[in-house]
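Chemist: how would this look folded up:
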Amino acid sequence: MTTENPMTVLVTGATGTVGRPLVERLLAEGHRVRALTRNPAKANLPAGAEVVAGNLADTATLPEALSGVDAVHLIGFGGDDFAPLTNGTEIVDLARRAGVRKVTVLKGDVTKSPLEEAVEAGGLEWTHLAPVEFMSNALEWADSVRNEGVVREAFAGARSAMIHEADIAAVAATALTTDGHAGQEYWLTGPQALNPPEKVGVIGAVLGREVRYVELTRDEIVAEWRGSGYSDEDVEFFLAMRTNPPEAGYTVLPTVQEVTGKPARTFAEWVRENAAAFGA
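Modeler: Got it, this is the predicted structure:
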């Protein structure tokens, strides 16, 4: 499918979990894509994309990337260690002076980031994207599934309405290239809220072999997180998400279908696409 009115879109975080499928989708729809990445030599993006070097956290690297751009996809956590950006006002000023009209912001937290506040105050047509858990988080289980046929996880009752990253990209592409989405904050979910044993069941069914779920205690999972190098703050956040998650994290919403016209992809679809990582 190609569009009669191609736009030039700057995709920041272009090699990321959402950025990469967004680049691919925009190109497939016939738009011109400029892809911002810190290391163009390693980007490995489609040939149709114009790959440019830059860093959202470093305002001085952005003027050239923004030149001639109609719309921009931004990520709100582009600082070191995924810290919230602190130069939102400068980014928005540059975008406005460059003639940018539409902006999407991929949220990294339930609270509003400084970048989101700057975008809202900056006179651009903005749309905030608030996905719940990414399906790609299941790749944390890939090694144990591939090597042992086992998933070890705690909090068996914790449900998540995980979303396929390509659906986040689809909503972003729609908001960036069509009208009617300005001033919206879209909470994005998949079509099911699954707990860990159910996710493991889906993985096993798609792979066509038994994958066992072994429940860890709270102390065991905390020890595992700490052993992986997570900070006390990270561990606290992980525990809160599993023991007292926000309702938005497990409430299935029809947003993907309403915005894109197509139903949200299932976890089984995601597993099929990534089956090689699990040893298929």
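Chemist: Do you have the strands of the stretch 101-250 of the chain handy? List them.
Modeler: 102-106, 125-131, 150-153, 184-188, 212-215 (DSSP state E, counting those that start in this stretch).
Chemist: dump the residue contacts of Thr255.
Modeler: By C-beta atoms under 8 Å, 6 or more residues apart in numbering, Thr255 lies in contact with 171, 186-189. Where C-beta positions appear, they are placed from N, C-alpha and C, glycine not excepted.
Chemist: so which of these comes closest to Glu220?
Modeler: Nearest to Glu220 among these is Thr189, at 28.9 Å by C-beta to C-beta.
Chemist: now that closest one: how far from Ile168?
Modeler: For Thr189, the distance to Ile168 (C-beta to C-beta, to the nearest Å) stands at 10 Å.
Chemist: what is in contact with these two at once?
Modeler: With C-beta under 8 Å, 6+ apart as the test, Thr189 and Ile168 both reach Pro131.
Chemist: His164 and Leu139, how far apart?
Modeler: With distances taken as C-beta to C-beta, His164 is found 13 Å from Leu139.
Chemist: Any idea how many residues pack against Ala130?
Modeler: 19 (other C-beta atoms under 10 Å).
Chemist: Correct me if wrong: it contacts Tyr186.
Modeler: Yes. Judged on C-beta atoms under 8 Å, Ala130 makes contact with Tyr186 at a distance of 6.5 Å.
Chemist: So for stretch 108-121, what gets flagged as buried?
Modeler: Under the neighbour-count criterion of 16 or more other C-beta atoms under 10 Å, stretch 108-121 has 108, 113, 115-116, 118-120 buried.
Chemist: so can I have CSV of those residues showing pLDDT and distance to Ala268?
Modeler: Below are the buried residues of stretch 108-121 laid out as CSV (pLDDT from 0 to 100; distance: C-beta to C-beta, whole Å):
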residue, pLDDT, distance to Ala268
Gly108, 82, 27
Ser113, 88, 33
Leu115, 92, 34
Glu116, 94, 33
Ala118, 94, 39
Val119, 95, 35
Glu120, 95, 37
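Chemist: Tell me which two in these are the farthest apart.
Modeler: Gly108 and Glu120 (16.3 Å).
Chemist: returning to that earlier point: can you say which of the strands of the stretch 101-250 of the chain is nearest to Tyr250?
Modeler: strand 184-188 (11.9 Å).
Chemist: Would you enumerate the residues in contact with Pro46?
Modeler: Pro46 sits in contact with 23-24, 27, where contact means C-beta under 8 Å, 6+ apart.
Chemist: Name the nearest of those residues relative to Asn274.
Modeler: Nearest to Asn274 among these: Glu24, at 15.8 Å, using C-beta to C-beta.
Chemist: For that closest one, which residues are in contact?
Modeler: Glu24 neighbours (C-beta under 8 Å, 6+ apart): 46, 169.
Chemist: Next: Val52.
Modeler: The contact partners of Val52, taken as C-beta under 8 Å, 6+ apart, are 34-37, 40, 64-65.
Chemist: Closest one to Ala71 out of the residues you listed, please.
Modeler: Out of those, the member with the shortest distance to Ala71 (by C-beta to C-beta) is Arg34, at 10.5 Å.
Chemist: can I have the helix or strand bottoming out on mean pLDDT in the chain written out in PDB, keeping just the CAs?
Modeler: The helix or strand of the chain with the poorest confidence is helix 232-243; it has a mean of 90 (mean pLDDT, DSSP states H and E). In PDB, the C-alpha atoms belonging to helix 232-243 read as follows (Å, rounded to 0.1, in the frame of the first residue of the first chain):
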ATOM      1  CA  ASP A 232      17.300  -1.300  44.300                       C
ATOM      2  CA  GLU A 233      15.000   1.200  42.500                       C
ATOM      3  CA  ASP A 234      14.600  -1.200  39.600                       C
ATOM      4  CA  VAL A 235      13.800  -4.100  41.900                       C
ATOM      5  CA  GLU A 236      11.200  -1.900  43.700                       C
ATOM      6  CA  PHE A 237       9.600  -1.000  40.400                       C
ATOM      7  CA  PHE A 238       9.500  -4.700  39.300                       C
ATOM      8  CA  LEU A 239       7.900  -5.800  42.500                       C
ATOM      9  CA  ALA A 240       5.300  -3.000  42.400                       C
ATOM     10  CA  MET A 241       4.300  -3.900  38.800                       C
ATOM     11  CA  ARG A 242       3.800  -7.500  39.800                       C
ATOM     12  CA  THR A 243       2.200  -7.200  43.200                       C
END
